[in-house]
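Need the 3D shape of this:
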Amino acid sequence: MNKEQLFAKALEELNKTARAQGNMIRQEQLDACFAALSLTKEQNAMLLEYLKQRGIGIGEPLSQEEYLSNEEIDYLKAYQESLALLPTATDGEKQAAFLSAMAGEKDAQRRLTEIFLPQIPEFAKLYANQGVLLDDLIGQGNMALSEGVTMLNAMENATEAEGMLVKMVLDSMEELVSGNFEAKKIDDKVVKKVNEIADKAHDLAEDLRRKVTISELAEELGISEKSIRDAYRMSGFAIEDIDKGAADEVDGVQ
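Numbers count the residues shown, from 1 in each chain. Alright, predicted model coming up:
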């Protein structure tokens, strides 16, 4: 295994540990994850920036009360109370449900869903405090569970089927968090771009003692007029120092 592969594996282990601890990692755990890689000062700086972007803190793990909002704690309590009404199952009953579900029996698939529903909130808590609401995580997990119980026919035994089912639920939550993280990065880039153009428009308007045109801004910033127009639209046409009339003419709007 090369150094890149070791680094990727260490990152995966770090994320898994942090999720289980309310998106927190102890310094000694962080050091242990990358001990075999002898990171340089620059690489350590990049790692810290990665943790910052992922919202992973360094310190003592948080308790549930600390990393869940009051609304999420109330939701979780009510949800778990509703699940308490479901009939419990022994290990033998669960195994029988798996075997029947693997054979395609609909009643067994429904029963297996009931058996696993109480575990979904516990899985969801692993991904809490990462930009996605707890109820959205639970909803995502429930959908993956409902789909997963119908896809067990290729499994060889109940243990393998259970592992696949849990993986499907966790993967669905991971995808939700990752998708939200990527969307936030895009949103942040858009906001940054709009703010840069708004600041430059303000400075240029003060120099010219009037509102500025799209072409003037583009020339000042050294970017295309299309980039300016796109940012102007994304701001909801709220960049006050851009001449609205001139912008409409450029866009062909009368």
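
which stretches of the stretch 101-250 of the chain have low pLDDT?
180-188, 245-250 (pLDDT under 70).

same thing but 50
249-250 (pLDDT under 50).

so where do the strands sit in the protein?
24-25, 57-58 (DSSP state E).

tally of neighbours for residue 203?
Number of residues near residue 203 (other CB atoms under 10 Å) recorded here: 13. No exception for glycine: its C-beta is placed from N, CA and C like everyone else's.

quick one on the thing from earlier: return the most buried member of the strands of the chain.
When those are scored by mean count of other CB atoms under 10 Å, the highest mean neighbour count falls to strand 24-25 (a mean of 21).

Could you list every helix and strand that that one packs against?
If contacts are counted by 3 or more CB pairs under 8 Å, 6 or more residues apart in numbering; DSSP states H and E, strand 24-25 sits against helix 3-20, strand 57-58.

wait, which of those is closest to residue 95?
helix 3-20 (26.7 Å; CB to CB).

rewinding a little: dump the helices and strands packed on strand 24-25 into JSON lines; add distance to residue 164 as well.
Shown next, in JSON lines, are the helices and strands packed on strand 24-25 (distance: least, CB to CB, whole Å):
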{"stretch": "helix 3-20", "distance to residue 164": "18"}
{"stretch": "strand 57-58", "distance to residue 164": "32"}
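
Just put the strands of the chain in TSV and tack on mean pLDDT and distance to residue 225.
Shown next, in TSV, are the strands of the chain (pLDDT from 0 to 100; distance: least, CB to CB, whole Å):
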stretch	mean pLDDT	distance to residue 225
strand 24-25	78	46
strand 57-58	77	43
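
Which of the ones you listed sits closest to residue 117?
strand 24-25 (27.6 Å).

Paired strands for the closest one, with orientation please.
Each strand paired with strand 24-25, and its direction, by DSSP bridges: strand 57-58 (parallel).

Ignoring the adjacent residues along the chain, who's closest to the residue most central in space within the chain?
Nearest to the geometric centre of the chain sits residue 177, at 1.9 Å (CA atoms, centre = their mean). The spatial neighbour of residue 177 that comes closest, neighbours along the chain excluded (CB to CB, 6 or more residues apart in numbering), is residue 130 at 4.8 Å.

what about the helices in the stretch 151-254 of the chain?
Using DSSP state H, counting those that start in this stretch, the helices of the stretch 151-254 of the chain run over 158-208, 214-221, 225-234, 244-251.

Give the other helices and strands that the first one contacts.
This means helix 158-208. Checking 3+ CB pairs under 8 Å, 6+ apart, helix 158-208 ends up next to helix 41-54, helix 91-102, helix 106-116, helix 120-125, helix 134-148, helix 214-221, helix 225-234.
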